[in-house]
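Peer 1: sequence unavailable; structure follows:
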Ligand SMILES: Nc1ncnc2c1ncn2[C@@H]1O[C@H](COP(=O)(O)OP(=O)(O)OP(=O)(O)O)[C@@H](O)[C@H]1O
Ligand SMILES: Nc1ncnc2c1ncn2[C@@H]1O[C@H](COP(=O)(O)OP(=O)(O)OP(=O)(O)O)[C@@H](O)[C@H]1O
Ligand SMILES: [Mg+2]
Ligand SMILES: [Mg+2]
């Protein structure tokens, strides 16, 4: 059996782990997988799905570039009668899946919510904060930022004042520069809400270079990458959020195979995010 | 193609029967650091040829570009057919019946001959689409009238300089303008084509076209021009009928002093053979070129357009190496695969196409002049000896009378003749043993021409061997010790100075 | 003048050989995939109409842009803004193409509009963006690279700012039709045909080539160079707008990240197809072939199940190899002739 | 000759005015930020050494690339590969710069190497990539745009393939030093100084300009154009390699997505600084100023807390405005004089 896997982006830390989990599981099951990289482009992803269909794969797993493009992808696969499983990202057409389609993943908003709730608690519900956003317009940036903002408007966290929110394109160096620019403009945030770990680590670097003790600032990321876990152990990072790449990857592959073989399957498999703090970091060191 | 309003203006003009079609007064034009024209006047009669004379940089081209709508003057009036006009763009000028043949050829390289000629005036078919067949046909007719043999569907980039010049002429003529400006139309063509051009001009004249003719060639002035105006350093000197004056009068008006000897050929001691060429061939372009060149000797190279003279020069210098034959320098066989190889053997080549293979237009005069000499010396630890180099170049500037405020001016802003002088200076700075000059005095004024001739003579006296390609027979005859003549890629003979005459050369060249 | 030697014209038709050249490259690449297909996949690569349609379908948006870009490059310019203009027009067009069935429409009062409205909006926007490019280049004299780089950054910024990054979805059915089935392919080929004719058989085309070959000569020939440049860039913008419409209709959503890097693909398609970046030379037919080569590669890689990590490496090599092969063939020909 | 009206030479030093021009643009942009700073933030923008350092720091990597790219552009070429080469060298360099403390090092046997090893690897890789660019362009005659576009795609592919997308982190301390403090700034300025001298005062520089101004004439003047072009592209590659080292050391990690779009920033810096894309004109000093303008914008936007969604729109407009201002001032001068 051959399964086509269309990933939104290859050079992303978390998605790489997800990809590897799919690959490993496929190896165990003796299934051939073919990976494609949409490089963040909806149209390219659409073409890749079409190409999969034309090459006659037995099933498709797609990590959407954007939630809203789910509709078009669903239709292509449905017309050709090829099983389709959305992994990780929640497609916008979630509620009206054709048969032979399913979703295995997590809800971006939950990540932001977990992160913000924990950080709010650590801050005691007040203080100045900045938000480091991922590349503008991406689902992760929108979902996580929206959730953080929502939590900060709740009664317990109303005391937290957001000084500024800017994008550092998911990357470490731009976050480093951005944070330094903030600091030199006289901002003294007590917390940094980052849409992912890479940017959080950039912020940590900038804060340390400015001689600020990491005990005085609460920094939170998402993804629980190896670098982030190390920083968490060192006390530089305070919170990150784990998303089970193993659960999602294996779940997606299992589901698509079930559909292809005509077995019964679960159309919605939610793999929840998990909060990672210095207390439970040891459990996650071997996970991703 | 003239506009409707222009047609009406022409009618009015005919009724008035004024003596001048174009009158220009008090024109001033400044460029950064240079006043190119200062209170200049000029009047043009219909049905006549009016020559413009003056040294390089006198402002001739600038004045004509003003008339053609390319530059706007800072001050002054232009009256066309008795009515004052503003010529804001070349399109304006064309629509008012003024066409120009440019000194720096203005053709579109990758387009065909026909497309170049009829641009903006293409014939259309019933569907409103361009009718290429008709356009080719129209070009054929035009060329038949002008008796040109050029393929209308050939790409401009495949034509020789001379052919391009003829296309330019045809293009300007095709506009059927009342005023036709020719800026040095003969600088790139040989006598046969010149004669042919003159026939065309006489024909146009008979049809009432007013022609402005810029040239540095005196004999042409007497042959074709009815009257002429002289400019000096951006100022108007005077206008005379050409039958009233002598050569020397004009030169005095232009240069402000006498020039006694145009070809100051000095007897040089002819030394040993330095360059020996044996059976040099490049299939399709030239074949079996064999000659010896001695120290102190000037070898003229004559032939018609396209006879392959430039190709031989380029092969000797390694620009397009020959595939067969031998080149021996000072008795040694040397493989010359690139200009760098040739320069190492003490050769230098002044190419014929100033724009394509000569000038570095965006760079300064200094940078243009020093570039070839940097291979030899003037460089310490990779760094260029700026001061020494600048002094050498300043020396060259004075020696060749290059008209420029300073060496940091862009070469782009120099007049054509002055650009040529910079290129000559470039090669002189390399102190060559064998100097190849392809049309060295193209576009150069009489004064400077005599200067360059003296310089070539002087170099020969110092033992430099010179090969000089020229389409001007008097120049070849005046300067050479021997003259090699080519025809369609073959050598047809080598004449000694004593036996060479114009007639003999033409016989060998045309065969 | 009897002596000017001109060799007889050897070419039968104007300019055919160049395109033939790159056509050969296309055929060669296709054959390689065909052979590898039989070896590794045990099936034909080309004998599959579905795959052939998809091959063109997936590059038709890039192809539409590439046609506009080709004209710009022929004038000696460049257009880096097309990918971003695609995103900008896709976003704004989609916002007036939304279906009334959708509860969270951006302009609830402007749903279920007839399809001509979003079409006009998209084309108009593209045209304006292109005209700004053209006006900047022609009137201020700044390099096209900078003018269109500025537009690239700005248009992408507008695309993101318009909905603060939120995508816009749920178009009306009549709008979605534009991107469905083989419609994008038809649009691409129709545009190609129109501009093939425009470049070869109209004054618009002649002026375009003339300006690229020698802007000074064009000016002294009486061409209003500035006005014409504005036209050319405006048309390139218009086509980018059209591409934005098609891409939004095809994906049934518009997103600020759309069209990323398309400008480079479009330029690559034009250059692979023989358009010279120094201006004056190029043909639409070549660009179409160049576009198809890009599409062929994408399909071929998936077909052969080439590891995605190798795909990019190989893609870079193939682009270069295609142009090298073309250059060599051309040199060989000109040497022989 | 005696009568030519020549006004006294006004310029003291060759070529200064052009740079002065763009320097004025830099000052103007800075002043605008200063004024807006007092109005909206109630504090000075410029009177803060820390901000000035970070301003240069954050563009020093782009600046290092831009110096190499400037030389390439002066020869009339272009280099689109530099951003990808940064990523490729960053990845491979980091893999031999890892600290032994880290348990999951890529090459466990190759940890804790002396800092010269990753340095040599990075510079060497960049040099090779550049030489391939140069050789393709000089020897096969394909357009620089295509050759370096191929390298752009390929090098990015290699960067991803090298670890299958996984980032590489935990460098040795001695390696991390290269990117710490103001080191990147020193490296940038030192490189700028070296190449300022090389371009203006050495034969290498004179030949570079000559080739850009007229390659045919350069060849006829005895310059080995092919060899020189390979040199120039190799140096551009070397500098991209250096930028890769610095960027990896600064981030203390290497990722395949690094340096994305840096090539465009670098080209923009060069062109804003007065380098002409048609070749033959440009100065390192101008490029440095151009780079600083980019840095100034980034700092200024954050300082003024410009909404992230407006930033890009404004950035595009400023780039264009800077070049337009420069062009107008230049024209005004030449008209007045
Ligand atoms: N675009 C320009 N910018 C600056 N200076 C210029 C420009 N064009 C011409 N000049 C200067 O104006 C003067 C007149 O030049 P012009 O080309 O009219 O001379 P010319 O009489 O045609 O000379 P030639 O016989 O060499 O062609 C020269 O000193 C030249 O350097
Ligand atoms: N770029 C070119 N493309 C094709 N053929 C060319 C080209 N240049 C020259 N030729 C051909 O080479 C032959 C010799 O040209 P060449 O320029 O050497 O002659 P020439 O005697 O120096 O003439 P001219 O007086 O025009 O310089 C001609 O037949 C010409 O058609
Ligand atoms: Mg002149
Ligand atoms: Mg010749």
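Peer 2: That came through fine. All values reported here derive from a predicted model rather than from experimental measurement. Residues are numbered from 1 along each chain as shown, chains lettered A, B, ... in the order given. Ligands and ions are numbered 1, 2, ... in the order given.
Peer 1: secondary structure class of the residue nearest to the spatial centre of chain B, three-state.
Peer 2: Central residue of chain B (C-alpha atoms, centre = their mean): residue B:187, 3.4 Å from the mean position. State at residue B:187, reduced to three classes by DSSP: H, G, I helix; E, B strand; the rest coil: coil.
Peer 1: please apply the same query to the one 5 residues further on.
Peer 2: For residue B:192, the secondary-structure state derived from three-state DSSP is helix.
Peer 1: separation between residue C:299 and residue C:31?
Peer 2: According to C-beta to C-beta, to the nearest Å, residue C:299 stands 14 Å off from residue C:31. Where you see a C-beta, it was placed from the backbone N, CA and C, and this is true even at glycine.
Peer 1: what's the answer for residue C:184, then?
Peer 2: Distance, residue C:184 to residue C:31, using C-beta to C-beta: 26 Å.
Peer 1: any idea how far the residue nearest to the centre of chain B lies from ligand 1?
Peer 2: Separation of residue B:187 from ligand 1 (C-beta to the nearest ligand atom, to the nearest Å) stands at 9 Å.
Peer 1: ok, residue A:258 next?
Peer 2: Taking C-beta to the nearest ligand atom, one finds residue A:258 at 78 Å from ligand 1.
Peer 1: check the stretch 51-200 of chain A for the residue nearest ligand 4 and tell me.
Peer 2: residue A:51 (57.4 Å; C-beta to the ion).
Peer 1: where do the strands sit along the stretch 1-150 of chain A?
Peer 2: Per DSSP state E, counting those that start in this stretch, the stretch 1-150 of chain A carries strands over the ranges A:2-7, A:32-37, A:59-62, A:84-88, A:101-105, A:126-133.
Peer 1: re the thing from before, residues contacting the residue of the stretch 51-200 of chain A closest to ligand 4?
Peer 2: Contact partners of residue A:51, counting by C-beta atoms under 8 Å, 6 or more residues apart in numbering or on different chains, are A:36, C:51, C:54, C:58, C:298, C:299, C:302, C:303.
Peer 1: who's more crowded, residue C:299 and residue C:31?
Peer 2: residue C:299 (27 against 12; other C-beta atoms under 10 Å in any protein chain shown).
Peer 1: that one against residue C:57, yeah?
Peer 2: No. With contact defined as C-beta atoms under 8 Å, residue C:299 does not reach residue C:57; the gap is 9.9 Å.
Peer 1: any idea how far the nearest residue to residue A:184 once chain neighbours are set aside lies from residue D:34?
Peer 2: Spatial nearest neighbour of residue A:184, chain neighbours left out: residue D:51 (4.2 Å); criterion: C-beta to C-beta, 6 or more residues apart in numbering or on different chains. Separation of residue D:51 from residue D:34 (C-beta to C-beta): 11 Å.
Peer 1: now list whatever residues contact both of the two.
Peer 2: With C-beta under 8 Å, 6+ apart as the test, residue D:51 and residue D:34 both reach residue D:45.
Peer 1: of these two, which one has the most company?
Peer 2: When neighbours are counted by other C-beta under 10 Å, residue D:51 comes out ahead of the other of residue D:51 and residue D:34, with 21 against 16.
Peer 1: the more buried one in helix, strand or coil?
Peer 2: What three-state DSSP gives for residue D:51 is helix.
Peer 1: show me the contacts for the residue of chain A most remote from its centre.
Peer 2: Residue distances from the centre of chain A (C-alpha atoms, centre = their mean) peak at residue A:186, which lies 31.5 Å from the mean C-alpha position. When contacts are counted by C-beta under 8 Å, 6+ apart, residue A:186 is found next to residue D:43.
Peer 1: just read off the phi/psi values of it.
Peer 2: phi 90, psi 10 (degrees, to the nearest 10).
Peer 1: ok and the residue in the stretch 1-150 of chain A nearest ligand 3?
Peer 2: Closest point on the stretch 1-150 of chain A to ligand 3, by C-beta to the ion, is residue A:41, at 55.3 Å.
Peer 1: Three-state assignment for the closest residue to that residue other than its chain neighbours, please.
Peer 2: Closest residue to residue A:41 apart from its sequence neighbours, by C-beta to C-beta, 6+ apart: residue C:260 at 5.6 Å. At residue C:260 the chain is in coil, as set by three-state DSSP.
Peer 1: ok, residue C:260 - how many residues close by?
Peer 2: What residue C:260 shows, counting by other C-beta under 10 Å, is a neighbour count of 20.
Peer 1: my read: it touches residue A:42, true?
Peer 2: No. Residue C:260 lies out of contact with residue A:42 (C-beta under 8 Å); the separation is 9.5 Å.
Peer 1: what helix or strand is residue C:314 on?
Peer 2: Residue C:314 is located in helix C:308-336, with elements delineated by DSSP states H and E.
Peer 1: is ligand 2 within reach of that helix?
Peer 2: No. Against ligand 2, helix C:308-336 shows no contacts by C-beta under 6 Å from any ligand atom, the least distance being 8.9 Å.
Peer 1: tell me the contacts of the closest residue to ligand 4 within chain B?
Peer 2: Nearest residue of chain B to ligand 4: residue B:310, at 3.0 Å (C-beta to the ion). Neighbour list for residue B:310: B:351, B:352, B:438, B:469 [criterion: C-beta under 8 Å, 6+ apart].
Peer 1: which stretches of the stretch 1-150 of chain C have low pLDDT?
Peer 2: Along the stretch 1-150 of chain C, segments meeting pLDDT under 70 span C:1-19.
Peer 1: can you tell me the SS state at the residue of chain B closest to ligand 4?
Peer 2: Quick answer, by three-state DSSP: residue B:310 is helix.
Peer 1: measure it to residue D:219 for me?
Peer 2: 16 Å.
Peer 1: repeat for residue A:212
Peer 2: Counting by C-beta to C-beta - residue A:212 and residue D:219 are separated by 59 Å.
Peer 1: coming back round to it: mean pLDDT and distance to residue D:103 added to the strands of the stretch 1-150 of chain A, as TSV?
Peer 2: Below are these laid out as TSV (pLDDT from 0 to 100; distance: least, C-beta to C-beta, whole Å):
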stretch	mean pLDDT	distance to residue D:103
strand A:2-7	93	28
strand A:32-37	90	28
strand A:59-62	96	31
strand A:84-88	94	28
strand A:101-105	92	30
strand A:126-133	94	28
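Peer 1: and of those, who's closest to residue B:442?
Peer 2: Distance to residue B:442, taken as C-beta to C-beta, is lowest for strand A:32-37 among the strands of the stretch 1-150 of chain A, at 59.9 Å.
Peer 1: quick check: angle from the closest one to helix C:308-336?
Peer 2: 70 degrees (axes from the mean of the first three to the mean of the last three C-alpha atoms, to 10 degrees).
Peer 1: what's the first-to-last distance across stretch B:405-414?
Peer 2: 10 Å (C-alpha to C-alpha, to the nearest Å).
Peer 1: contacts (any at all) between ligand 3 and that stretch?
Peer 2: No. Stretch B:405-414 lies apart from ligand 3 when judged by C-beta under 5 Å from the ion; the minimum separation is 10.0 Å.
Peer 1: is that stretch anywhere near chain D?
Peer 2: Yes. For stretch B:405-414 and chain D, the contact criterion (C-beta under 8 Å from any C-beta of the partner chain) is met by B:405, B:406, B:408.
Peer 1: the helix or strand harbouring residue A:164 vs helix D:308-336, what angle?
Peer 2: Assigned by DSSP H and E, residue A:164 belongs to strand A:159-167. Orientation check (the same axes, to 10 degrees): strand A:159-167 against helix D:308-336 gives 50 degrees.
Peer 1: could you say what helices and strands the very next helix or strand once past strand A:159-167 packs with?
Peer 2: Later in the chain than strand A:159-167, the nearest helix or strand by DSSP H and E is helix A:172-184. Other elements packing on helix A:172-184 under the criterion 3 or more C-beta pairs under 8 Å, 6 or more residues apart in numbering or on different chains; DSSP states H and E are strand A:126-133, strand A:159-167, helix A:197-209, helix D:49-57, helix D:225-251, helix D:284-304.
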